[in-house]
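Novice: Give the three-dimensional model of this entry:
(2 chains)
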Amino acid sequence: MLERIFIFLFLPSVLAAQLCKPDAPEGFKVRLSIKTALQDEAYEWDGNERFLFQATLAFAMSRHTRQEFNVSNILVCDETPRVSFWFVVTSPDDPSQLINRGKVEAAVRMSRNRINSAFLLSDETLEFVGILPTLAAPVEPASPPWLIVFGVVMGLVGAGIVFLLVSTVLQKRRKKNQEGDEGDDDEEARVKTAENGCRSDGIYNTSFSEDEPNTQM
Amino acid sequence: MKLVIPNPGLDQRIPSHQDLERMEKEQVSDRPKWDNKAQYILTCVGFCIGIGNVWRFPYLCQTHGGGAFLIPYLILLVLEGMPLLLMEFAIGQRLRKGSVGVWRAINPYLTGVGIASMLVSLIIGLYYNTLIAWIMWYLFNSFQDPLPWTQCPLNGNRTGFVDECQRSSTVDYFFYRVTLDTSTSIDNSSGIHWPMVVCLLAAWTFICICYIQGISTSGKAVYITAILPYIVLAIFLVRGLTLKGALSGIEYLFIPDVNELMNPTSWLDAGAQVFYAFSIAWGGLISFSSYNPIHNNCMQDAVMLTAITGLTSIYAATVTYSIIGFRATEKYDTCVSENIRTLLNSFNLPESSINTTSYDAAFNHLNSSHPDVILGLDLQTCDMQKFLSEGVEGTGLAFIVFTEAITKMPASPIWSVLFFIMLLCLGVSTLFGNIEGVVIPLKDLNVLPQSWPHEALTGATCVIAFIMCLLFAQTSGLYWVTLFDNFAGSVPLLTIGLFELIAVVYIYGIDRFNEDIKFMIGHKPSIFWQVSWRFISPLIILVILVFYLVTLAQKELTYLVWDPNSDVFPVQASVPYPPWISAVIFLLAGVPSLAMPVYALCRLVFVGCKKSPLWHDEQIK
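Specialist: Residues are numbered from 1 along each chain as shown, chains lettered A, B, ... in the order given. Now for the predicted structure:
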């Protein structure tokens, strides 16, 4: 009789010890990096935090499987000073049965955000070894900003080119009108001489040096 | 020294001193003029100070013995750079023509030197503007937070990043894949990458508008493009020095290793760098000087420009290495943190038990107690020297190392915008000289009609150059740019520089040249200039040229490729060039170098034909 009482008393913990161990087939290793995430505001990992973990995981399992899970269904073992441990999930109907890995993974994935926020941690600082987090998509703005900047720059440059060309044409026209008004032959001849630089004495004869290669090559 | 090759008819081809005085007094030249001296100096400074000062000089300085490299650099700056600079300034100011005009006036057989200058300027301009296009792409992409090169795109099932990005890094991926879509080899091109075409269009249009009316527009643009880099460098200096690890970078740069001075490659690299830094033999400096008033003190300009170039190189190197030091320290810290994390996780130790200072002690302790576990962990060796020396040259510096460093600074988009605007200004101001060295010779050679206004000349040149640049918009564009950089900008420039010196000293005549300088600035050049023009500078250039040719002939033609499938990825793999590359190299390096002798030969033959009896009879009639 006494043995039976002893067995009944110790059975759950014995079972637990057998079900939850490092490298358990249906278990996951969890690693928390509290000091890295929170630095000065880091909390100590103690029994209460462990209880919170069991509670959030029970919540996640219940949410995913629509069965009711209890804190006692989440077995935690092998805690280290690193703050890492292994856990397994037992079925609410039969405490000796473990929920298989795939279901647990799916449940954790589904409620990952909630679990993270419960501990004020993130995907990198609360690691479930073996469950890859779904990465956030890189920030992509609606229209590529570089095209906008390019458009602005090209618009300015185009406007500048048009402005310069138009102003040059206008300047040339104004000059022609001015010359037409003055109508001085001497002036024109002098201007022409300066531009061509080939006839008058004193100004060096560029026609010689410029024509030579033209005729020869 | 009376060694002058006979040069009949020189006096008829060039204006005499009296003509020049009269032209100056009457102001009736049709050549454009500088609005003021500041524009001229700023244009020359902008031309000489280019992207190479930021990404080539600091690398050379650091690999050739740090602070000790400054000794050969400064010596060669004065012995090789300054005399060549004064020679180009003086000959342009005296003969008042662009590069083709000047050599044609000295002797019609020398026109080939001008043609070679133009070809080299054109080829360099093509790939240089491609670099500007890449800089513009990065600049356009800097106006967003977070910067696009901080994130990898996700793979198909959103559990990880794209493989190529995961194995290399976000900045590598952004440069090689997003910007360039690099193919795996130079002959393997899968078409044109349209964002690059767009950026090339922007780059060429920008140059076009800045240079559209010649120096009257570019002379105003240089107020910004030549001064802004200095301001930005100052801002980066202040920012850089306040970052952690900046001093380790500067130490790494300047700690002298005097043994390197015994190594001839240090001197040769210094000489080559001085030569390219001054943009000699491009033809632009001659053109710019020809717009000066006749009595402008070109000797003072040459000395001033040399001093400015030397100081700016050192200044830029300091800024660059402070940022490199910061990045290396960040990477080192990250590496050590990773290792600490691995150790903590495997041995289940509490979190704050190991930090960066106690890492080595803890590692040794664990290694002695559990060596097999440590071995299985595959910890990285964190080597600060390696981080300081990786990717610190060329495009790797600007687009990979610096962009990465910028992402680690707070308010990254601002720093990114500043940095790329600075690079843009540095590049664009060099391109002004470059395009001057292309457009004016094309006009003088009558390839483009003389009657066209300057706007049409610039526009035509830019359009044709843009179409030729589409070669670099291909997916293999990166390899083409590297090819052009290695071969178009080395041997031809040295050859042209040598020919120029020989032409001025021995064909134009050093005595006549001295008289010209006396006429222009009031006193003859001192003995230093005489000795360097006649012996020292040609000798230095000849030595560097021979060394380059010998090295080129000996080395196997290989290049680095970005190949995700190679074994050494993410390091670039070294593969040999395809056989047809020799033809391309000949086009790039051989044609400009040989332009002068070939032209002289052709002209000799042509003149010889003219002198035959039939022609002679025609002339008599």
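
Novice: Tabulate the CA atom coordinates of stretch B:52-59 in CSV.
Specialist: Taking Å, rounded to 0.1, in the frame of the first residue of the first chain, the C-alpha atoms of stretch B:52-59 are listed here in CSV:
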residue,chain,number,x,y,z
GLY,B,52,41.4,58.9,-57.3
ASN,B,53,42.4,61.1,-54.4
VAL,B,54,39.8,59.4,-52.3
TRP,B,55,40.0,55.9,-53.4
ARG,B,56,43.5,55.3,-54.9
PHE,B,57,45.9,57.4,-53.0
PRO,B,58,44.9,56.3,-49.4
TYR,B,59,45.3,52.7,-50.5
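
Novice: pLDDT averaged over stretch B:315-335 - what is it?
Specialist: For stretch B:315-335, mean pLDDT is 90.

Novice: how far away is B:Ala553 from chain A?
Specialist: 34 Å (Cβ to the nearest Cβ, to the nearest Å). (Each C-beta comes from the backbone N, C-alpha and C, glycine too.)

Novice: Which residues belonging to the longest helix seen in chain A are considered buried?
Specialist: When chain A is parsed with DSSP state H, its longest helix is helix A:145-182. Within helix A:145-182, the residues scored as buried using 16 or more other Cβ atoms under 10 Å in any protein chain shown are A:145-146, A:149-150, A:153, A:157, A:160-161, A:164-165.

Novice: Dump those into a markdown table; add pLDDT and distance to chain B as well.
Specialist: Converted to a markdown table, those look like this (pLDDT from 0 to 100; distance: Cβ to the nearest Cβ, whole Å):
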| residue | pLDDT | distance to chain B |
| --- | --- | --- |
| A:Pro145 | 84 | 5 |
| A:Trp146 | 85 | 4 |
| A:Val149 | 88 | 4 |
| A:Phe150 | 89 | 5 |
| A:Val153 | 88 | 6 |
| A:Val157 | 89 | 5 |
| A:Gly160 | 89 | 5 |
| A:Ile161 | 86 | 5 |
| A:Leu164 | 87 | 6 |
| A:Leu165 | 86 | 6 |
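
Novice: Looking at these, which is nearest B:Ala328?
Specialist: Closest approach between the buried residues of helix A:145-182 and B:Ala328, by Cβ to Cβ: A:Trp146, at 29.4 Å.

Novice: Reformat the buried residues of helix A:145-182 as CSV; add distance to B:Val447.
Specialist: Compiled in CSV, these are given as follows (distance: Cβ to Cβ, whole Å):
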residue, distance to B:Val447
A:Pro145, 41
A:Trp146, 37
A:Val149, 36
A:Phe150, 32
A:Val153, 31
A:Val157, 26
A:Gly160, 27
A:Ile161, 23
A:Leu164, 24
A:Leu165, 23
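
Novice: need the helices for the stretch 201-350 of chain B, in chain order.
Specialist: B:215-241, B:246-254, B:264-277, B:284-289, B:298-347 (DSSP state H, counting those that start in this stretch).

Novice: Most tightly packed of those?
Specialist: helix B:284-289 (a mean of 28; mean count of other Cβ atoms under 10 Å in any protein chain shown).

Novice: Now do that one, average pLDDT.
Specialist: For helix B:284-289, the per-residue pLDDT averages 93.

Novice: One more: stretch B:22-30?
Specialist: Here the average pLDDT along stretch B:22-30 is 76.

Novice: Next, count neighbours for the residue in the stretch 451-600 of chain B that chain A sits nearest to.
Specialist: Residue nearest to chain A within the stretch 451-600 of chain B (Cβ to the nearest Cβ): B:Glu455, separated by 6.2 Å. B:Glu455 is flanked by 19 other residues according to other Cβ atoms under 10 Å in any protein chain shown.

Novice: quick one, phi/psi of the nearest residue to B:Val491 once chain neighbours are set aside?
Specialist: Distance criterion Cβ to Cβ, 6 or more residues apart in numbering or on different chains; nearest residue to B:Val491, sequence neighbours excluded, is B:Ala589 at 4.8 Å. Here is the backbone geometry of B:Ala589 (degrees, to the nearest 10): phi -100, psi -40.

Novice: before we move on, what about the one 10 residues further on?
Specialist: In terms of degrees, to the nearest 10, the main-chain angles of B:Tyr599 are phi -60, psi -40.

Novice: which one is it nearest to, not counting chain neighbours?
Specialist: Per Cβ to Cβ, 6+ apart, closest to B:Tyr599 is B:Gly112, 3.1 Å.

Novice: Which secondary structure elements does the helix or strand harbouring that neighbour sit against?
Specialist: Per DSSP states H and E: B:Gly112 is located in helix B:111-140. Here helix B:111-140 touches helix A:145-182, helix B:99-106, helix B:194-211, helix B:412-444, helix B:454-469, helix B:477-487, helix B:491-502, helix B:591-610, going by 3 or more Cβ pairs under 8 Å, 6 or more residues apart in numbering or on different chains; DSSP states H and E.

Novice: Any stretches of chain A with poor pLDDT?
Specialist: Residue ranges of chain A with pLDDT under 70: A:7-17, A:137, A:182-217.

Novice: try 80 this time
Specialist: In the predicted model, chain A carries pLDDT under 80 at residues A:1-21, A:24, A:132-143, A:179-217.

Novice: What of the stretch 451-600 of chain B?
Specialist: Ranges of the stretch 451-600 of chain B meeting pLDDT under 80: B:489, B:555, B:569-570.

Novice: What parts of it come near chain A?
Specialist: Listed as neighbours of chain A in the stretch 451-600 of chain B under the rule Cβ under 8 Å from any Cβ of the partner chain: B:453, B:455.

Novice: One more pass at 7 Å, please.
Specialist: With Cβ under 7 Å from any Cβ of the partner chain as the criterion, the stretch 451-600 of chain B meets chain A at residues B:Glu455.

Novice: Could you find the residue in the stretch 201-350 of chain B that comes nearest to chain A?
Specialist: Closest point on the stretch 201-350 of chain B to chain A, by Cβ to the nearest Cβ, is B:Asn348, at 3.5 Å.
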